[in-house]
Each structure stands twice: as C-alpha cells, then as structure tokens.
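The sequence isn't on hand, but the structure is:
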C-alpha cells in the first residue's frame with residue numbers, strides 16, 4: 001500500500017505540470033484569438049505564464065467578454081419570440097439643411113458606423129442641471145397615458161429619487177405600462193437601494209448586469225451607463241444626468257454636480273425607445289411592442305438627428321469611430337466637454353492632427369473631479385494634446401458631469417459617453433448626433449458660459465508639476481483602462 005501511494009505521488013507531479021502547461025496554452029490561445037488590443041493581449045499572456053493557474057483563472061473571470069456571447073444568445077431568443085422585434089422608422093435619403101451641408105461627409109461616415117438612419121422633424125431642448133431637467137421629466141411622467149420606459153445608471157434613494165418613485169407609482173396606479181431598468185452597480189450608490197422600494201410599490205423594475213463581485217470593487221464589471229426616459233413613445237429625455245439630489249443646485253446639495261440633459265421629440269425618440277426595448281428584453285426576456293411603446297412618429301421640429309448605441313457587444317467602438325470621424329471632418333472648430341478625459345493614443349493623434357490642420361480644438365474639463373484617480377491620469381496625458389495646439393480649460397466648481405461635442409457650428413453629439421476607456425470599451429452607452437445650426441449656437445452659448453468662469457491650462461503648468469506629483473499622475477495613467 002505504501003509503495004502504491006509513493007508511486008501515485010510520483011505520477012502526480014508530472015501530471016500536475018502537464019495540466020498546468022495545457023491550461024496555460026489554452027488560455028493563451030484564447031487571448032491571441034480574441035483580444036483585439038495587442039498590449040492587453042501581451043499583458044494577459046505574460047500573467048498566464050508568469051503566474052501559472054492563477055493567471056489563467058483571472059483571465060477566465062475578468063478577461064473574457066461574456067456580454068457579447070450573451071448578446072448573441074439574446075438575439076437568438078428574439079427570433080423565437082412571436083412577432084418581429086420593433087425597429088425604428090427608416091427615412092431614406094435624408095438631406096442636410098443648407099447651413100450644415102458642409103458636414104455631409106460626417107453624416108455619411110456615421111451612416112456606415114451606426115445601425116440607424118438619420119431622421120428629420122426632431123425637436124431638441126437642452127436642460128441645464130436637475131433644476132431644469134427634473135421638473136420636465138416629472139411632468140412628462142405625470143402626463144403619460146400609455147407607457148414609460150426609464151433606464152438609468154444611478155437612481156438614488158434620496159429626495160429626488162423619491163419624487164421620481166412617487167410619480168412612477170402614480171403612473172402605475174392609473175394604468176400606464178411602466179418599465180424601470182437600473183444598473184446593478186449604480187443602484188447601490190445609495191442605501192437602501194431604491195429597487196427594493198420600487199418593487200414594494202409594485203413598480204416593474206429590473207437590475208441590469210447582476211454580478212457576484214462586491215459592489216465596492218466595481219471596476220471589473222460591465223455597466224449599463226445609458227440614461228433614457230421615454231414617455232408614450234413620443235417624448236424622450238437623454239444625456240448624462242443620473243437621478244440624484246446632487247444635480248439640483250438650487251437646493252445647495254452637499255455634493256453638487258453640474259450636468260446637461262436633453263428633451264427630444266420626433267422620429268429620433270423611436271431610436272431611444274428601441275434601445276430601451278432591447279436592453280429590457282436582454283435583461284428580462286420580455287418583449288415590448290405595439291402602439292403603446294412604438295407609436296407612429298410625428299414631426300416636431302427642424303433638427304436632423306440620429307440615435308447611436310455603443311457597447312461591448314455588436315455596437316462595439318461605435319462612439320469611438322464617431323469621435324474620430326468628427327475630428328477628421330472638422331474644418332474650423334471642435335469643442336469637447338467631458339468629465340473624464342482619458343483618450344487612447346488613436347484619439348489623441350486625431351485631436352493633434354485636427355489642431356495641426358488649423359482647427360481650433362477646445363477641451364473643457366472640470367478642475368475639481370469626483371474621481372481623483374481619473375483626474376490624475378488625465379493630467380498625465382494633457383501634454384500630448386497641448387504640445388500640438390489643442391487648448392484645455394478647467395471649469396470652476398462644482399464638478400461638471402456634462403458630455404457634449406460640437407463641430408463647425410452645425411453638429412452636436414450628446415449622451416452618456418465619456419472620453420475614457422470604460423465608456424468606449426466596456427459600458428453600454430447611448431448618444432444622439434444632431435445637424436442644426438440653431439441648436440449648436442444654443443449649445444455653444446452654454447459652453448461659452450462655462451468658459452467665462454474657466455481657466456486655460458498651459459503646457460508650462462503641466463510640465464512644471466513636482467516630481468512626486470508627476471509620478472503619482474503617471475502611475476494613475478497606467479490604470480487608465482480600468483478607471
């Protein structure tokens with residue numbers, strides 16, 4: 001018996017080595033075949049071989065994008081559902097207004113990138129902070145007759161959250177079809193999570209992206225970062241604004257946050273509704289269809305617009321291509337307002353090339369950021385755009401969470417997407433591109449008012465940081481893909 005055990009132990013050592021090598025080979029092969037970013041691929045392969053077994057396990061848990069696989073399965077599920085999944089209306093051959101016709105090459109580019117056509121007859125109204133946005137959103141909810149679809153990243157259990165909760169409960173009680181989708185991580189920004197109370201009040205709600213990881217370590221999960229409110233399929237709200245008391249500045253909140261939200265009407269609302277319906281079906285397997293959710297669109301204004309999905313599934317890198325296309329097509333001016341500025345090298349090169357072509361490129365960032373690591377990492381990269389002629393401005397507090405891009409006085413892009421790797425590679429996002437000189441003049445005015453209280457950041461200022469600060473910022477930059 002003892003001899004047998006000795007022989008078994010002797011066999012186990014080479015067997016364990018063989019299994020470890022085989023596991024490392026399989027994991028490395030998966031990395032080589034499916035990782036698009038060569039730097040990420042090299043990093044994962046190094047980890048797999050330098051830390052045997054542990055590296056492969058970490059890759060299996062954190063490195064494989066299972067969302068794409070689930071998206072494929074979900075699309076297959078839709079085919080099994082009765083009826084065709086609702087699609088947004090198609091307007092073929094949309095011509096741009098004469099005053100923005102010079103941007104036709106950008107429209108053609110986005111035609112090839114996005115899955116939806118341009119639509120005419122839209123109305124777009126910017127709403128500044130929760131002071132303007134929340135009353136308009138609550139009024140729309142109270143005026144709903146057929147349906148309400150609400151998707152948000154953060155839905156706090158505070159005074160503002162309770163206002164929305166009460167309005168949604170009133171809608172349910174009068175027979176309106178209500179569906180609420182909240183990201184699992186974002187739902188836990190306040191305690192207790194408002195999802196519990198919504199369920200208690202029998203308001204249909206679902207959590208997007210359940211994860212076994214602790215909520216205090218959210219960097220490894222994928223998030224639904226979209227902000228959508230669609231009422232009766234006719235009125236929409238989208239932008240960067242979550243539902244939380246900090247956005248109502250007139251109440252002097254403890255943690256004030258500036259932001260922009262947009263009220264939209266017209267055919268482009270169907271793009272937002274389609275996005276919400278797909279996310280809801282993905283999460284709950286319930287299909288939303290019919291006139292209550294997808295009524296016949298009616299013209300409401302003069303803005304030519306299109307909704308653009310972005311996410312780590314079939315919509316991968318659409319927002320990034322739109323950013324690159326807008327920078328390539330710009331002839332005179334580009335204005336970018338974003339809270340988190342961590343562009344990859346391709347976007348940095350595009351910004352620099354635009355500036356070198358003579359385009360005035362202004363990048364407007366908050367001087368005080370709610371995420372210190374992101375601010376440090378962004379500062380470490382600023383020299384790359386400042387050296388080529390881009391201008392960078394820091395806006396005065398409170399923290400500005402707005403997300404807008406303006407080009408040549410005729411094109412605007414707004415929505416939930418930030419200029420950082422998380423938004424561009426991991427999050428599910430939604431944006432709207434608009435071609436309309438009057439709307440862009442209005443937004444230029446809003447940006448101009450931000451710049452009245454901003455200061456320009458110079459290359460000398462960035463380069464004169466002390467060695468400890470530069471080391472801190474540089475180390476934060478290394479973590480940029482995960483921030």
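Here it is on my side, so go on. None of these values were measured; they are calculated from a predicted model.

The spatially closest residue to residue 121 that is not a sequence neighbour: what's it in contact with?
In this structure, residue 121 finds its nearest non-sequential neighbour in residue 299, 3.0 Å apart by C-beta to C-beta, 6 or more residues apart in numbering. Using the backbone N, CA and C atoms, a C-beta is placed for each residue, glycine as well. Going by C-beta atoms under 8 Å, 6 or more residues apart in numbering, residue 299 touches 120, 121, 266, 267.

Measure how buried residue 255 is and give me the count.
Residues near residue 255, counting by other C-beta atoms under 10 Å, number 11.

actually residue 320, sorry about that
Residues near residue 320, counting by other C-beta under 10 Å, number 22.

Residue 21 too?
Other residues lying near residue 21 total 12 when counted by other C-beta under 10 Å.

Show the pLDDT at it.
Looking at residue 21, its pLDDT is 81.

Sticking with it, tell me its helix or strand.
Assessed by DSSP states H and E, residue 21 sits inside helix 2-34.

can you list contacts of whichever helix or strand comes after that helix?
Moving toward the C-terminus from helix 2-34, the next helix or strand (DSSP H and E) is helix 38-50. Outside helix 38-50, the residues within contact range by C-beta under 8 Å, 6+ apart are 24, 27, 28, 31, 32, 35, 55, 56, 58, 59, 63, 481.

Let's see that with 7 Å instead.
With C-beta atoms under 7 Å, 6 or more residues apart in numbering as the test, helix 38-50 has contacts from 24, 27, 28, 31, 32, 35, 55, 56, 58, 59, 63.

How about that helix, which residues are buried there?
Residues 41, 44, 45, 47, 48 are the ones in helix 38-50 that count as buried (16 or more other C-beta atoms under 10 Å).

I'd like these as JSON lines, with distance to residue 257 and pLDDT appended.
As requested, these are exported to JSON lines (distance: C-beta to C-beta, whole Å; pLDDT from 0 to 100):
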{"residue": "41", "distance to residue 257": "37", "pLDDT": "81"}
{"residue": "44", "distance to residue 257": "36", "pLDDT": "79"}
{"residue": "45", "distance to residue 257": "41", "pLDDT": "85"}
{"residue": "47", "distance to residue 257": "37", "pLDDT": "83"}
{"residue": "48", "distance to residue 257": "41", "pLDDT": "84"}
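
Looking at the contacts of helix 38-50, which two lie furthest apart in space?
32 and 58 (16.9 Å; C-beta to C-beta).

Neighbour count for the two, which is higher?
Neighbours per residue, other C-beta under 10 Å: of residue 32 and residue 58, the larger number sits with residue 58, 16 against 12.

how close does the closest residue to that one other than its chain neighbours get to residue 426?
In this structure, residue 58 finds its nearest non-sequential neighbour in residue 47, 6.7 Å apart by C-beta to C-beta, 6+ apart. The span separating residue 47 from residue 426 equals 19 Å under the rule C-beta to C-beta, to the nearest Å.

before we move on, what about residue 60?
Distance, residue 60 to residue 426, using C-beta to C-beta: 18 Å.

what does residue 298 give?
Distance, residue 298 to residue 426, by C-beta to C-beta: 37 Å.

Looking at those two, which one has more neighbours?
A count of neighbours by other C-beta under 10 Å puts residue 426 above the other of residue 298 and residue 426, at 21 against 11.
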